[in-house]
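Engineer: model this:
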Amino acid sequence: MSASTTLTSDRSDPARSPDPHRRVRSCLGPEEAFPDELGGLSLADLQVLHSRICRQLDREYRTTPHGPHPCTTDRLHDVLGELDARDNA
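Structural biologist: As a prediction, the model looks like this:
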């Protein structure tokens with residue numbers, strides 16, 4: 001997912017979404033796209049991304065015997081770092 005990709009669904013403007021019929025999931029799996037640059041996201045989009053990663057992490061802890069996927073934990077670390085940087089700015 002590029003930084004310009006919309007994380008929230010905007011049904012009023014189908015041109016903003018890559019696939020207006022695609023259902024946005026509440027979690028972000030390791031195989032799904034992730035922004036290259038978190039600094040370009042709005043605070044709301046960053047918070048949505050954080051929520052989706054946390055839900056994925058919860059799912060992986062519940063369903064995977066070896067724990068969460070390293071990609072999921074790395075993504076959470078990156079998002080938390082960006083949120084902390086904004087809080088401390």
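Engineer: hey, where'd the helices end up in this protein?
Structural biologist: Secondary structure of the chain, counting by DSSP state H: helices at 43-63, 70-87.
Engineer: how close does residue 72 get to residue 44?
Structural biologist: Between residue 72 and residue 44 the distance is 21 Å, computed by Cβ to Cβ, to the nearest Å. Backbone N, C-alpha and C define where each C-beta goes, glycine included.
Engineer: kindly reformat the helices of the chain as JSON lines containing mean pLDDT.
Structural biologist: Formatted as JSON lines, the helices of the chain follow (pLDDT from 0 to 100):
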{"stretch": "helix 43-63", "mean pLDDT": "98"}
{"stretch": "helix 70-87", "mean pLDDT": "98"}
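Engineer: do you know which of those lies nearest residue 31?
Structural biologist: Taking Cβ to Cβ, helix 70-87 is the member of these nearest to residue 31, at 8.6 Å.
Engineer: so what does that closest one touch, helix or strand wise?
Structural biologist: helix 43-63 (3 or more Cβ pairs under 8 Å, 6 or more residues apart in numbering; DSSP states H and E).
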